[in-house]
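> generate a structure from the sequence data that follows.
(2 chains)
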Amino acid sequence: MGTNLAVVVALVRRALNEITRVPGAAIPGVLAPTIFVVGLTSVFGQADRVVGFGEVDFRTFVVPVGFLQAAGFTGAATGVNLARDIEQGWFDRLLLCPAPRLTVLTGLVASAALRCLLPVAFLFLVAMAIGVDFPGVDGLLVALVLVMGLASVFACFAVALALRFRTQQAAPLMQMGSFVGVLFTPAYAPKDLLAGWLEVLATVNPVTLVLTGARQGFVGGVTWGDTWPALLAIVGLVLAFGALATRGLRRYSG
Amino acid sequence: MAAIDVRGLEREYRSGLKAVRGIDLAVAPGEVYGFLGPNGAGKTTTVRMLVTLLRPTGGSATVAGFDVATQPAQVRKRIGVALQEAALDLLMTGRELMELQATLHGIPRRDVRARAEDLVGRVGLSQAAGRRVGTYSGGMRRRLDLAMALIHEPEVLFLDEPTTGLDPTSRATLWDEVRRLKAEGTTVFLTTQYLEEADQLADRVGIIADGVIVAEGTPAALKAEVGLPHLDITLMDCSDLTRARELLQAFGDVRPAPAGVDVSVAVAGGATEIAPVVRVLDEAGFTVASLELVAPSLDDVFAEKTGRRLEGAAEPVAAPA
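Model (predicted):
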């Protein structure tokens, strides 16, 4: 157990190493969610005047969406980095270590969970600077836990694709998962204002539960009633996409 | 018990390509086994199956006593692997990579530093260990790769074309390290397309072509299969060649001499018979102008077995001093 944990920590450290040694490579991923939120706010900032939007500032409404996108970018980057490691042979080195394959996968996914905190922190600071309401410590903590969980989900999805295609050229596909996952939620307007088909999709999309959970504190207060479904959704998604990634790992050597 | 025991090993890809078609081999503990073949012969596929990176589709193989298909984790604990391309993280330093490798192999933290320092010293990288690997030359990367493969003191070491593309100095360092590992009792499975490398390092050689082993044995035995080495001798005074030939028949068959050569004689003992031959000729009053020992090569063995020449056989390989 201790050995497996050491392997996970070593892999996470290596992933974080890339940020500290090539900061330039991390900048796009860090800036993108913030640019998205700032840009969207500039264009659609008056959307909160639409009847039915509720008593909430549009900037505050979309900041948690930026968090989810940060999770998406980081998850996809994990898949792209894995594809690069496969192309360069580094992944074979990982597979040659005696630790269980699941430990290697956990290391990759855990690194995504941690790395997503960087763009989230940057977005949060910018959001506070432009006047978004502070969600409260409890709201912030819930959002961070959920975003880290969602980054793990998207990382599992991207890892599965990286193991399937074994090339960085699959990067757009890896990004697509988080794009679709976040798009079909009440990301930009409350569910009641969505078109019929989109409302149906948003209702069945488990990422909606995660977004609702992450919005607590930003929009309304933090309640257990909105927190547990979000946590349950994360657990379910991690299990589902984790199984997909594990299957990919098994087939990789087949 | 063999360190590596392979029986009927096969690998067929989904495309239908059969890269390895029923290989049998056994490598004894402490032996250096040279796996020789041209590109595409099935060398790397075989190695990837033996190191558990690829699942066999037929046959069986055990490494260090454990089945590669059913006990892969046990196999991985006992093997060191340096694959064809030195897969290194260029952003990390040599020392960091050694420590990461040690962690991956479950080596206690307290032992990591000393072992890493010892190994980087052995491969001549002490001075460079604190530098990022991105600044290393190709030879330095290969040497670091080898050091990383040894961090957990493996029973069996797999080296997949370890010197391809290396400069003579790096090649010499790697050859020396392989010899040292052999002296320490490590079993080494070495794939190469360099004949001289197999000749120099391997106790036994298996030659693979089109997914099957076409010849196996010690380099000397394999070469003996295609003929004895012979001495091509040119004399200062060739007025009595008949007498010279009669004298040399005591050593072996006197063969038809090629152009520019006065006498050609097969010598079973190879280089060990040069001095006696010269002595006999000298005592009979002949002065040797030039003498060349011509030995069958592993390429001759390959050609004999497959009707083709090994790719890269003509490529000059600098022999370490």
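
> who are the neighbours in contact with the residue of the stretch 101-250 of chain A found nearest chain B?
When scored by C-beta to the nearest C-beta, the stretch 101-250 of chain A has residue A:104 as its residue closest to chain B, at 8.9 Å. To be clear about C-beta, it is placed using only N, CA and C from the backbone, and glycine gets the same treatment. Neighbouring residues of residue A:104 by C-beta atoms under 8 Å, 6 or more residues apart in numbering or on different chains: A:7, A:11, A:94-95, A:97, A:249.

> where do the strands sit along the stretch 1-150 of chain B?
B:4-12, B:18-27, B:32-36, B:58-63, B:66-67, B:79-82 (DSSP state E, counting those that start in this stretch).

> which residue is the nearest non-sequential neighbour of residue B:207?
Ranked by C-beta to C-beta, 6 or more residues apart in numbering or on different chains and with sequence neighbours excluded, the top spatial neighbour of residue B:207 is residue B:215, at 4.4 Å.

> what helices and strands are in contact with the helix or strand hosting that neighbour?
Per DSSP states H and E, residue B:215 falls inside strand B:212-217. In this structure, strand B:212-217 packs against strand B:18-27, strand B:204-209, helix B:219-225, helix B:298-306, with contacts taken as 3 or more C-beta pairs under 8 Å, 6 or more residues apart in numbering or on different chains; DSSP states H and E.

> any chance of these in JSON lines with mean pLDDT and mean neighbour count as columns?
Converted to JSON lines, the helices and strands packed on strand B:212-217 look like this (pLDDT from 0 to 100; neighbours: other C-beta atoms under 10 Å in any protein chain shown):
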{"stretch": "strand B:18-27", "mean pLDDT": "95", "mean neighbour count": "20"}
{"stretch": "strand B:204-209", "mean pLDDT": "92", "mean neighbour count": "24"}
{"stretch": "helix B:219-225", "mean pLDDT": "83", "mean neighbour count": "18"}
{"stretch": "helix B:298-306", "mean pLDDT": "77", "mean neighbour count": "20"}
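
> quick one: contacts for the residue of the stretch 101-250 of chain B found nearest chain A?
Proximity of the stretch 101-250 of chain B to chain A (C-beta to the nearest C-beta) peaks at residue B:104, 3.7 Å away. Applying C-beta under 8 Å, 6+ apart to residue B:104 gives the contacts A:7, A:10, A:93-94, A:97, A:99.

> at 6 Å instead, please
Listed by C-beta atoms under 6 Å, 6 or more residues apart in numbering or on different chains, the contact partners of residue B:104 are A:7, A:97.

> for it, give me the pLDDT.
Among the per-residue scores, residue B:104 holds a pLDDT of 91.

> the spatially most central residue of chain B: what's its closest spatial neighbour, skipping adjacent residues?
Nearest residue to the geometric centre of chain B (C-alpha atoms, centre = their mean): residue B:198, 2.9 Å. Using C-beta to C-beta, 6+ apart and skipping residues adjacent in sequence, the residue nearest residue B:198 is residue B:34, 3.6 Å away.

> and for residue B:241, the neighbour number?
Neighbourhood size, residue B:241 [other C-beta atoms under 10 Å in any protein chain shown]: 14.

> now for the residue lying closest to it once chain neighbours are set aside: which residues touch it?
Using C-beta to C-beta, 6+ apart and skipping residues adjacent in sequence, the residue nearest residue B:241 is residue B:262, 5.8 Å away. Shown in contact with residue B:262 (C-beta under 6 Å, 6+ apart): B:234-235, B:238, B:241.

> how near is the spatially most central residue of chain A to residue B:145?
When C-alpha atoms, centre = their mean is applied to chain A, the residue found nearest the centroid is residue A:71 (1.9 Å). Using C-beta to C-beta, to the nearest Å, residue A:71 is found at 35 Å from residue B:145.

> swap in residue A:19?
Look at residue A:19 and residue B:145: by C-beta to C-beta, they are 25 Å apart.

> so between the two, which is more surrounded?
Neighbour count, other C-beta under 10 Å: between residue A:19 and residue B:145, residue B:145 has more, with 26 against 16.

> ok, the more buried one - contacts?
Per C-beta under 6 Å, 6+ apart, neighbours of residue B:145: B:82, B:86.

> just how off-centre is stretch A:104-117 within its chain?
From the chain centre to the centre of stretch A:104-117 is a distance of 11 Å (C-alpha atoms, centre = their mean, to the nearest Å).
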